[in-house]
Structure formats: structure tokens, C-alpha cells
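Engineer: Quick one, structure for this:
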Amino acid sequence: MSLLLRHHLAASHRAAAGLARARWLSTDTSRNVLISRPEPSVALLTLNRPKALNALNSALFGELNAALEEADEDGDIGAIVLTGSDKAFAAGADIKEMKDKQFADAYKSNFLVNWTRMSSIRKPIIGAVSGYALGGGCELALMCDILLASPTATFGQPEIKLGVIPGAGGTQRLTRIIGKARTMELVLTGRNFTADEAERWGVVSRIVREGSVVDEAVKVASRIAGFGRVSVQAGKEAVNVAFETTLEQGLKYERRLFHSLFATADQKEGMAAFTEKRNAQFKGE
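Structural biologist: Alright, predicted model coming up:
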């Protein structure tokens with residue numbers, strides 16, 4: 001390869017990397033999802049439909065899914081934070097988009113299937129909820145791996161008031177988290193529940209009572225991103241399997257993942273650092 005060609009390829013790679021970084025710094029307020037990097041290893045995605053209280057629609061999910069998938073593929077990012085505004089994480093689905101849909105259209109297009117693509121992201125997602133997280137907004141919050149809430153957070157599945165039921169996982173994820181009786185009450189009455197109830201029932205990891213819930217979520221994400229990327233992804237995978245298998249199958253799956261991590265450089269570094277009483281320098285390998 002000629003020297004001139006090598007310089008040309010290097011310049012192209014630098015330009016492509018620059019464009020990728022620019023996307024992470026996109027704060028175009030006309031977009032439905034704002035993207036930033038509050039820490040070098042953390043992607044912060046902020047829902048941005050303030051006039052509609054971040055009501056969810058297909059356009060927003062198109063942007064959100066693209067941003068999540070890009071973060072998942074970015075080797076510099078170790079964890080993702082998802083948030084909304086102080087007033088609303090997401091106050092529900094955009095009813096204007098769906099009120100005239102017919103059964104055949106909804107069924108043939110598998111409507112809402114793209115609203116749950118977040119569950120396939122391999123890197124940890126930390127949700128930071130303030131204000132309303134209702135309907136689809138509650139379901140979006142439930143898809144996060146770790147959920148922090150401000151004292152103002154209000155959750156609920158009020159779809160019954162619209163003549164429908166939750167369609168993006170509410171009946172399934174809530175039942176697994178808080179049990180049948182509570183989920184039945186929430187789904188069939190449409191009543192909201194508070195941040196304190198959410199913490200008591202295990203819906204949220206904890207309530208952030210002092211300071212910004214987003215800042216705290218970024219701190220959590222940054223700490224996670226400082227560990228070995230392979231072991232972090234394996235930990236997320238193992239916990240999720242617990243919801244899908246028997247205890248015996250889950251234990252076997254966990255053990256196989258544990259064994260597999262002994263093939264990583266990060267395991268060697270982590271254990272060597274522990275015995276040598278120094279901080280580990282993980283490389284995600």
C-alpha cells in the first residue's frame with residue numbers, strides 16, 4: 001500500500017470517527033431524543049417532546065432505537081442513561097397516532113414491536129425518572145436495567161381508561177416485579193403509584209432524595225463502565241435469564257457464564273490487581 005493511500009485511509013477513518021463523536025454531542029432541540037456524553041464512557045439519552053410531556057410515538061422510538069443501538073456498538077461506551085424532563089419521563093403513548101388504527105393494520109404491522117427493542121441492548125441501561133412515567137412511559141422505564149427515581153416520580157398503567165390494556169410489556173414485567181395482585185389492581189383500575197410505592201415494591205432501585213436523579217444515574221453508569229465490559233454484559237445477561245428459566249436452569253447458565261469469564265484478560269487483571277493490592281486496569285478484553 002502506498003504512503004499516499006495510507007494517509008488517505010487514515011484521514012477517512014478520522015473523519016468517520018469525528019462524525020460518530022458529533023452524533024453523540026447532538027443537542028438539536030428539534031429532535032425527539034437528545035444525545036450527549038456527560039462522561040467519556042457514558043451515553044446520556046434524553047427524551048425531548050416537552051410540549052407533549054414526552055408522549056411516545058413511532059418517530060421518537062425510531063430515534064431512540066437508533067441511538068441505543070449506536071451506543072451498544074460504540075466501544076468507548078460502557079453504560080447508557082435514559083431520562084426525560086423534570087415534569088415527565090414519558091407521560092404515555094401519543095394517542096393521536098393510534099386512535100384511528102384498525103385491528104388488521106395493528107396486527108399486520110405488529111404495532112409496538114419496535115417499542116420493546118430496548119430489551120435487546122446488551123449494555124446496561126440506567127433509567128432516571130422524574131415526574132410522570134405513565135402507560136408506555138412506565139413500560140419504557142420497566143425495560144431499564146437499573147431504575148432511579150426522584151421523589152416526584154409517578155408511575156402507572158392507565159390504559160384501561162382508554163378501552164385497551166398495556167401493550168409494551170406492562171402486564172408482564174410488572175407481574176414479575178410486584179406480583180399478580182398488585183398488577184391486577186393497577187391494570188384493571190388504572191390507578192397511579194408513587195415513587196415511595198415503587199421503591200417499596202422493587203420497581204425502582206432507589207429514590208434519589210438529594211441532588212439530581214440524572215446526575216446520580218450518570219455516576220452509577222460511570223462506575224459500571226469502569227469495570228470489565230465483558231463481565232458487565234455477562235452479569236446483565238445472567239440476571240435477565242432468571243426471569244426466563246427455572247432456578248436449576250438459571251444456576252447452570254450462570255455457572256457457564258462464570259466459567260467463560262476465565263478466558264478473558266479482564267479476569268486475569270482483576271484478580272491480579274486484588275492480590276497485588278492495586279486498582280485494576282480493565283480493557284474490556
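Engineer: For residue 209, what are phi and psi?
Structural biologist: Residue 209 has phi and psi values of phi -90, psi -20 when expressed as degrees, to the nearest 10.
Engineer: My guess is it contacts residue 153. True?
Structural biologist: No - judged on C-beta atoms under 8 Å, residue 209 makes no contact with residue 153 at a distance of 11.5 Å. Backbone N, C-alpha and C define where each C-beta goes, glycine included.
Engineer: In terms of helices and strands, where is residue 231?
Structural biologist: Secondary-structure assignment from DSSP states H and E places residue 231 in helix 229-241.
Engineer: Average pLDDT for the helix or strand that comes right after that helix, rounded please.
Structural biologist: Past helix 229-241, heading to the C-terminal end, the next element that is a helix or strand (DSSP H and E) is helix 247-260. Helix 247-260 shows an average pLDDT of 95 in the prediction.
Engineer: starting at the chain centroid, how far to helix 247-260?
Structural biologist: The chain centroid and the centroid of helix 247-260 are separated by 24 Å under C-alpha atoms, centre = their mean, to the nearest Å.
Engineer: again, but for stretch 62-81
Structural biologist: For stretch 62-81, the distance between its averaged C-alpha position and the chain's averaged C-alpha position is 9 Å (C-alpha atoms, centre = their mean).
Engineer: Domains in this protein, by residue range?
Structural biologist: The record's domain parsing of the chain by the TED database lists 30-226, 229-276.
Engineer: Now the terminal residues of the last one, how far apart.
Structural biologist: Using C-alpha to C-alpha, to the nearest Å, the span of domain 229-276 from its first residue to its last is 22 Å.
Engineer: Mind listing the residues bridging to the most centrally placed residue in the chain?
Structural biologist: For the chain, residue 125 is the residue whose C-alpha lies nearest the centre (C-alpha atoms, centre = their mean; 3.4 Å). Note on residue 125: beta-bridge partners residue 80, judged by DSSP bridges.
Engineer: Okay, now the unreliable bits of this protein?
Structural biologist: Counting by pLDDT under 70, the chain has low-confidence residues at 1-28.
Engineer: Could you rerun that using 80?
Structural biologist: When the per-residue scores of the chain are filtered using pLDDT under 80, the ranges that remain are 1-30, 101, 109-115.
Engineer: where do the helices sit along the stretch 1-150 of the chain?
Structural biologist: Taking DSSP state H, counting those that start in this stretch as the criterion, the stretch 1-150 of the chain contains helices spanning 3-24, 58-73, 95-98, 103-108, 136-142.
Engineer: got the CA coordinates for the third one in CSV?
Structural biologist: Extracted C-alpha coordinates of helix 95-98, given in CSV (Å, rounded to 0.1, in the frame of the first residue of the first chain):
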residue,chain,number,x,y,z
ILE,A,95,-52.9,8.8,21.5
LYS,A,96,-53.3,10.9,18.3
GLU,A,97,-51.1,8.4,16.5
MET,A,98,-53.1,5.3,17.4
